[in-house]
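A.B. asks: Here is my input; please provide its structure:
(4 chains)
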Protein chains: 2
Amino acid sequence: MHSILSFLNPDLPEDKILLEDFNSKIQFKSFQKGRLLYRPGSRCNHLYFVQKGLVRASYFKKGKDVSCHFTKEGQVCTAIDAFFQRTPTQYQLEFLEDSDLVEISYSDLHELFERYPKFNNYGRELMIQEYGILVERLNHLQFYTAKERYAFFMEEHRDLFQRVSLGHIASYLGISQETLSRIRNNQ
Amino acid sequence: MHSILSFLNPDLPEDKILLEDFNSKIQFKSFQKGRLLYRPGSRCNHLYFVQKGLVRASYFKKGKDVSCHFTKEGQVCTAIDAFFQRTPTQYQLEFLEDSDLVEISYSDLHELFERYPKFNNYGRELMIQEYGILVERLNHLQFYTAKERYAFFMEEHRDLFQRVSLGHIASYLGISQETLSRIRNNQ
DNA sequence: TTCATTTTTTGATAATTGTCAAAAGTAATT
DNA sequence: AATTACTTTTGACAATTATCAAAAAATGAA
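C.D. replies: Numbers count the residues shown, from 1 in each chain, chains lettered A, B, ... in the order given. All right, here's what the predicted structure looks like:
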């Protein structure tokens, strides 16, 4: 079962129906490292669930490539705001590793929303979750030093430090690459 | 009609029904300057529409009072994440002016969600809107100097500068009060 | 008006972090 | 193994902004 559906109980008949319906709508896709899922300006017509691999969302700001999101196994991947607003995304989504995704289209997802009351709030919950992550990032950026932010990141995403380059993590944390390098070594 | 319902067309019979249903569920409330709507730890069981007045959301961080939101006429007011997650809020909501609000309860709102397909996506859209605001704040905090952030704020919320104290705006922008004072005068 | 409280301003200083430039290290390809 | 490209580290320096302390200004109440 996909992480998105963890709130279901496959023993309940009505949940089983939902599950079957869901399974009839999804597609499995694989992408190679380095490939792009979206470029800035793309329409985001699908929601993805990462089964294996790693995706980086980024954008250009003041001539620099800035990371704003990493999505790994078990997480939902898309340009969340653009997906729900039906607008072009400003981000680039790029595979940092060979990845396997489950794909569902916006319209199919909406069909599920309408068909299953239990599923209906999923979209909002997804937004709330992402909102919470943003609140925390803002909080870190506003109140903690670069050193502290690095420490938080390591606590929560130690595994990513092995899989993502220093520069990408630095821009995600709002720190220059040089400073992050110093922080990592000095201590 | 309330700003929340601006997507409705009162000439359509089905929208008229929604509107009447909505009106039967709301309450009008007035609060005096200085009163609190929520304290940290409060349950947020209502959504408010500010008709007149100004509300400030804040929290304590490192011994300081930090503003994170101002809500004025025409805007929706609550601790948005706590409201939808049904968890206690971490914020304090305080009236900076005598204010008139329209109140609707979480359960009534949900009834409307379920009863009117057209209304159903409202909750998600609210979250998307707030998400967009946060993305922008994060962006400003990460890439612009205090001076630039002040300029942005003045462009978008010139009116608030008259109505909110310098210290409150400083903490909202992630700037010390002294620095904001200097920025405002130096130029 | 006067006193008390709150808010804003000013000055001096220190700390954090970014920037630029170059070197060192690592990985990938021929 | 050698070349090339990319990533990380190091050094020197400058700029932005916070902090602390105190003065000035504004607000509100008696």
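
A.B. asks: tell me the contacts of the closest residue to A:Asp21 other than its chain neighbours?
C.D. replies: With Cβ to Cβ, 6 or more residues apart in numbering or on different chains as the criterion, A:Asp21 has its nearest non-adjacent residue at 6.6 Å, and that residue is A:Leu112. Just so you know, the C-beta spots here come from the backbone N, C-alpha and C atoms, and that holds for glycine as well. Listed by Cβ atoms under 8 Å, 6 or more residues apart in numbering or on different chains, the contact set of A:Leu112 reads A:Leu18, A:Asp21, A:Phe22, A:Lys25, A:Phe119.

A.B. asks: same question, A:Ser176
C.D. replies: Contacts of A:Ser176 were listed using Cβ under 8 Å, 6+ apart, and they are A:Ala170.

A.B. asks: quick revisit: doesn't the residue nearest to A:Asp21 fall inside a helix?
C.D. replies: Yes. Using DSSP: H, G, I helix; E, B strand; the rest coil, the secondary structure at A:Leu112 is a helix.

A.B. asks: any idea how far A:Thr71 is from it?
C.D. replies: When distance is defined by Cβ to Cβ, to the nearest Å, A:Leu112 is 21 Å away from A:Thr71.

A.B. asks: repeat for A:Glu94
C.D. replies: Relative to A:Thr71, A:Glu94 is positioned 11 Å away (criterion: Cβ to Cβ).

A.B. asks: ok, now A:Tyr59?
C.D. replies: 15 Å.

A.B. asks: Of these two, give the one with the bigger neighbour count.
C.D. replies: Higher neighbour count among A:Tyr59 and A:Thr71: A:Thr71, with 22 against 16, using other Cβ atoms under 10 Å in any protein chain shown.

A.B. asks: Now that one: which helix or strand?
C.D. replies: In this structure, A:Thr71 sits in strand A:64-72 according to DSSP states H and E.

A.B. asks: quick one: strands adjacent to that strand?
C.D. replies: In the sheet containing strand A:64-72, its partner strands are strand A:54-61 (antiparallel), by DSSP bridges.

A.B. asks: Pull out the buried residues from the partner strand.
C.D. replies: Buried residues in strand A:54-61, defined by neighbour count with 16 or more other Cβ atoms under 10 Å in any protein chain shown: A:Leu54, A:Val55, A:Arg56, A:Ala57, A:Ser58, A:Tyr59.

A.B. asks: One more: stretch A:73-84?
C.D. replies: Neighbour count says stretch A:73-84 has A:Val76, A:Cys77, A:Thr78, A:Ala79, A:Ile80, A:Asp81, A:Ala82, A:Phe83, A:Phe84 buried, by 16+ other Cβ under 10 Å.

A.B. asks: so who does the third one touch?
C.D. replies: Translated: A:Thr78. Going by Cβ under 8 Å, 6+ apart, A:Thr78 touches A:Cys44, A:His46, A:Leu47, A:Tyr48, A:Leu93.

A.B. asks: which SSE is the single nearest residue of chain A relative to chain B in?
C.D. replies: Using Cβ to the nearest Cβ, the single residue of chain A nearest to chain B is A:Met127, 3.8 Å away. Taking DSSP H and E as the criterion, A:Met127 maps to helix A:122-143.

A.B. asks: Name the surrounding residues that touch that helix.
C.D. replies: Identification of contacts with helix A:122-143 by Cβ under 8 Å, 6+ apart yields A:4, A:76, A:80, A:84, A:109, A:113, A:148-149, A:152, A:173-174, B:61-62, B:66, B:80-81, B:84-85, B:121, B:123-124, B:127-128, B:130-131, B:134-135, B:137-138, B:141-142, B:174.

A.B. asks: which of the residues you listed are buried?
C.D. replies: A:4, A:76, A:80, A:84, A:109, A:113, A:149, A:173-174, B:66, B:80-81, B:84-85, B:121, B:123-124, B:127-128, B:130-131, B:134-135, B:137-138, B:141-142, B:174.
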